[in-house]
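In: Mind looking at a prediction? Sequence and model below.
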Amino acid sequence: MALTVQDVARLADLARIELSEEELARLAPQLDVILTAVASVADVAGQDVPPTSHPVRLENVYRIDETRPSWPAEAMLAGAPAVEDDHFRVPRILDEEA
Amino acid sequence: MNGLDELLDYDEVMATHDVVIGLEVHVELDTKSKMWCGCSTDFGAAPNSHTCPVCLGLPGSLPVVNRTAVESAIRIGLSLGCQIAEWCRFARKNYFYPDMTKNYQISQYDEPLCFDGEVVIVVDGQPQVIPIERVHMEEDAGKTSHVGGAGRIQGADYSLLDYNRAGVPLMEIVTKPVLGTGTKAPEVAREYMAFLRELMRALGVSQARMERGNMRCDANVSLMPKGSDELGTRTETKNINSLKSVEAALRYEICRQGAVLKRGGRVVQETRMWHEEGYTTAGRSKETAEDYRYFPEPDLVPVAPSREWVAQLRATLPEPPAERRIRLQAEWGFTDLEMRDVNGNEGAIDLIEQTVSAGAAAASARKWWLTELARRANEAGIGLDEVGISPAQVAALQSLVDDGTLTDNLARQVIDGVLAGEGEPADVVAARGLAVVSDEGALAQAVDAAIAANPAIAQKVRDGKVQAAGALIGAVMKAMKGRADAARVRELVLEKLS
Ligand SMILES: [Zn+2]
């Protein structure tokens, strides 16, 4: 199941990343190599190995419902590329439902 | 674009088609802290002041599940007759939109915490089964405001993000297709929402205020030709933010789809946005479930509620709201009409119950909350529980009426004082000098003065025209600034003129 240029174009679209035809043509095979490498794990995992989402067997780890101080808004906004009135400012969002 | 859809008459659609609806309701929980971090969930704080590396999804931060949120989810599930999973995981729902900084929402996918439930609600006196597919846990998103372009996405220059709500525990309650609603699908949807709102409050897990976005509804609707058992193509209407809108949006979609089918067209499976002006428009959401690329959330360990814990939580469930209403109506001796009035006023049943436990008679408690206080709440556009007087204060007020200290009119002035922050009803009575004058000497004097000032009217009463006494009673009440018992004044007037 090789990754096609169309698959990558669709993913790029979902991720709001603009890729040119050349970039798609170059990236698709590269990403396919990575996927194939990861998929090789399946070759070693036999029927006796259950699918594993969590490497460490742990369950029911909870927090008590108590508030803890948040970080100052200035600190949280400090890493933002653009800020206005204590809000994160982002470019306009196109092609979405109103 | 806006409301230009062709609509078929509702009754005409009903004559040829059955309606199938499905409702997805999101409820924000009232926990103190967020779902995965200790940030406060308080509403209305300064922008981004309730954020931290976890709820902003900064690299290196790790979420930890809020135990109370899981408890609330289980209690909701049990109240809806659901099974509780013995083991389930969270899942990442990947999407790229600035209301989530992580580029994914932590949700649940094919392993919901609660599943396969059923509730029965009553619509116009008829029972209606609502089968429940699932209740799952997830997190709310941040709030986006669009700048420029009249605040709408299209044409906006840019958008501003406040992440105070990002990470607030959110429950998604999904029905299976609801069948057998006859001609009443919109009413059923509305009643179901009202039922959920009441249930959330009874459980104490959410205020479920739709106007604040605590509870939101996405409604699926499809039409099925009568006699067929094949489900039609459905649309999903989003952005429904009030009980009234649930009903109106479904009615609109039914009439719109009816018109499409009548002219031989095909209903397009799509997301539609509800507009408060009374119509839906096609949304442009492109993602399908596959596009979300769900996978198990590696940062959170599975939830495996022990059966003991589930049993303990089951023991904490409150009396079901519908049963409670029936019980209280009997206890209070209210007629069906009176009780409908109580049920029609949000929060009234709780306030009346608390007022009764504070010592007032049920009829008096109902009278204050549903007339004077409901009027003030309506005028101010606030909830009955936000008027600014407590059930205990209403009970204290009524006891001042009962012991003759206040008339109803004076009691209204006392309410003014309580709402103005002048203290308890007794304090207001003292400070404003509002108590009924029970000094018979002073009353007699005022009656004499009124008779002396209105000799012609007095003569009519003497001649037997008792109804003329009203003017004299009015004069006395005015002279006493309302601080007299009108019935007693009437007695005195008639006594003196007999
Ligand atoms: Zn946080």
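Out: Ah, there it is.
In: How are the strands of chain A distributed by residue range?
Out: All strands of chain A, identified by DSSP state E, fall at A:62-63, A:83-84, A:87-91.
In: Go through those and pick out the most buried.
Out: Most buried of those by mean neighbour count (mean count of other C-beta atoms under 10 Å in any protein chain shown) is strand A:87-91; its value is a mean of 19. Every residue, glycine included, has its C-beta placed from N, CA and C.
In: hmm, that strand touching chain B?
Out: Yes - where contact is defined by C-beta under 8 Å from any C-beta of the partner chain, part of strand A:87-91 touches chain B, namely A:87, A:88, A:89, A:90, A:91.
In: And the residues you listed, which is the shakiest by pLDDT?
Out: Within the residues of strand A:87-91 next to chain B, the minimum per-residue pLDDT falls on residue A:91 (87).
In: Contact partners for that residue?
Out: Contacts of residue A:91 were listed using C-beta atoms under 8 Å, 6 or more residues apart in numbering or on different chains, and they are B:158, B:159.
In: if you set the cut-off to 10 Å instead, what comes out?
Out: Taking C-beta atoms under 10 Å, 6 or more residues apart in numbering or on different chains as the definition of contact, the neighbours of residue A:91 are A:16, A:81, A:82, B:98, B:156, B:157, B:158, B:159.
In: repeat for residue B:439
Out: Taking C-beta under 10 Å, 6+ apart as the test, what residue B:439 contacts is B:445, B:484.
In: now swap in the one 10 residues further on and tell me
Out: Residue B:449 is in contact with B:475, B:476, B:479, counting by C-beta under 10 Å, 6+ apart.
In: Also residue A:31?
Out: Contacts were defined as C-beta under 10 Å, 6+ apart; by that measure residue A:31 touches A:3, A:7, A:8, A:11.
In: who wins for most neighbours among these?
Out: With neighbours defined as other C-beta atoms under 10 Å in any protein chain shown, the most crowded of the contacts of residue A:31 is residue A:8; it has 22 neighbours.
In: doesn't residue A:20 make contact with it?
Out: No - with contact defined as C-beta atoms under 10 Å, residue A:8 and residue A:20 do not form a contacting pair (11.8 Å).
In: between those two, what contacts are shared?
Out: With contacts defined as C-beta under 10 Å, 6+ apart, the residues adjacent to both residue A:8 and residue A:20 are residue A:26.
In: Output the strands of chain A in a markdown table; the columns should cover distance to residue B:133.
Out: Formatted as a markdown table, these follow (distance: least, C-beta to C-beta, whole Å):
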| stretch | distance to residue B:133 |
| --- | --- |
| strand A:62-63 | 26 |
| strand A:83-84 | 41 |
| strand A:87-91 | 34 |
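In: Closest to the ion out of the contacts of residue A:91?
Out: Closest approach to the ion among the contacts of residue A:91 (C-beta to the ion): residue B:98, at 17.2 Å.
In: Point me to the residue of chain B nearest chain A.
Out: Residue of chain B nearest chain A, by C-beta to the nearest C-beta: residue B:38 (2.9 Å).
In: how many neighbours does that residue have?
Out: For residue B:38, the tally of surrounding residues (other C-beta under 10 Å) stands at 20.
In: One more: residue B:445?
Out: A count of nearby residues for residue B:445, using other C-beta under 10 Å, gives 13.
In: ok so, going back, three-state assignment of the residue of chain B closest to chain A?
Out: The three-state label given to residue B:38 by DSSP: H, G, I helix; E, B strand; the rest coil is coil.
In: Now it. Nearest residue, chain neighbours left out?
Out: residue A:68 (2.9 Å; C-beta to C-beta, 6 or more residues apart in numbering or on different chains).
In: Backbone dihedrals for that neighbour, both of them.
Out: phi -130, psi 150 (degrees, to the nearest 10).
In: Just confirm it contacts residue B:39, I think it does.
Out: Yes - using C-beta under 10 Å, residue A:68 is in contact with residue B:39, at 7.4 Å.
In: Those two: who's more crowded?
Out: Set residue A:68 next to residue B:39 and count neighbours by other C-beta under 10 Å: residue B:39 wins out with 27 against 12.
In: and that one, what does it touch?
Out: A:67-71, B:33, B:45, B:49-52, B:54-56, B:163-164, B:166-168.
In: Apply 7 Å and report the result again.
Out: Residue B:39 is in contact with A:70, B:33, B:50, B:51, B:52, B:55, B:167, counting by C-beta atoms under 7 Å, 6 or more residues apart in numbering or on different chains.
In: Might one say that the third one is in contact with residue B:165?
Out: No - with contacts counted by C-beta atoms under 7 Å, residue B:50 stays clear of residue B:165, the gap being 8.4 Å.
In: ok, those two, which is more surrounded?
Out: Comparing residue B:50 with residue B:165 by neighbour count (other C-beta under 10 Å), the higher total belongs to residue B:50, at 28 against 20.
In: For the more buried one, what are phi and psi?
Out: Residue B:50 adopts backbone torsions of phi -110, psi 60, taken as degrees, to the nearest 10.
In: do the same with residue B:78
Out: phi -60, psi -40.
In: Distance-wise, check it relative to residue B:398.
Out: Computed with C-beta to C-beta, to the nearest Å, the distance linking residue B:78 and residue B:398 is 38 Å.
In: Below-threshold pLDDT in the stretch 301-450 of chain B: ranges please.
Out: Under the criterion of pLDDT under 70, none of the stretch 301-450 of chain B is flagged as low confidence.
In: Okay, strands next: where are they in it?
Out: Using DSSP state E, counting those that start in this stretch, no strands are assigned anywhere in the stretch 301-450 of chain B.
In: now do the stretch 101-250 of chain B
Out: For the stretch 101-250 of chain B, the strands defined by DSSP E, counting those that start in this stretch occupy B:104-107, B:114-123, B:126-139, B:143-147, B:158-162, B:169-175, B:215-225, B:235-240.
In: where among the ones you listed is the average confidence lowest?
Out: Across the strands of the stretch 101-250 of chain B, the lowest-scoring stretch is strand B:143-147, with a mean of 88.
In: Which neighbours in the sheet does it have, and how are they oriented?
Out: Within its sheet, and counting by DSSP bridges, strand B:143-147 is paired with strand B:158-162 (antiparallel).
In: Show me the contact partners of the partner strand.
Out: Counting contacts by C-beta under 7 Å, 6+ apart, the residues touching strand B:158-162 from outside are A:84-85, A:87-93, B:47-48, B:98-99, B:142-147.
In: Can you give the distance from that strand to the centre of its chain?
Out: Relative to its chain's centre, strand B:158-162 lies at 29 Å (C-alpha atoms, centre = their mean, to the nearest Å).
In: Next: stretch B:69-86.
Out: Here stretch B:69-86 shows a centroid-to-chain-centroid distance of 22 Å under the convention C-alpha atoms, centre = their mean.
In: So what touches that stretch?
Out: With C-beta under 7 Å, 6+ apart, stretch B:69-86 has contacts from A:62, B:29, B:31, B:35, B:111-119, B:132, B:135, B:137, B:169, B:171, B:199, B:203, B:205, B:303-305, B:310, B:313-314, B:316-317.
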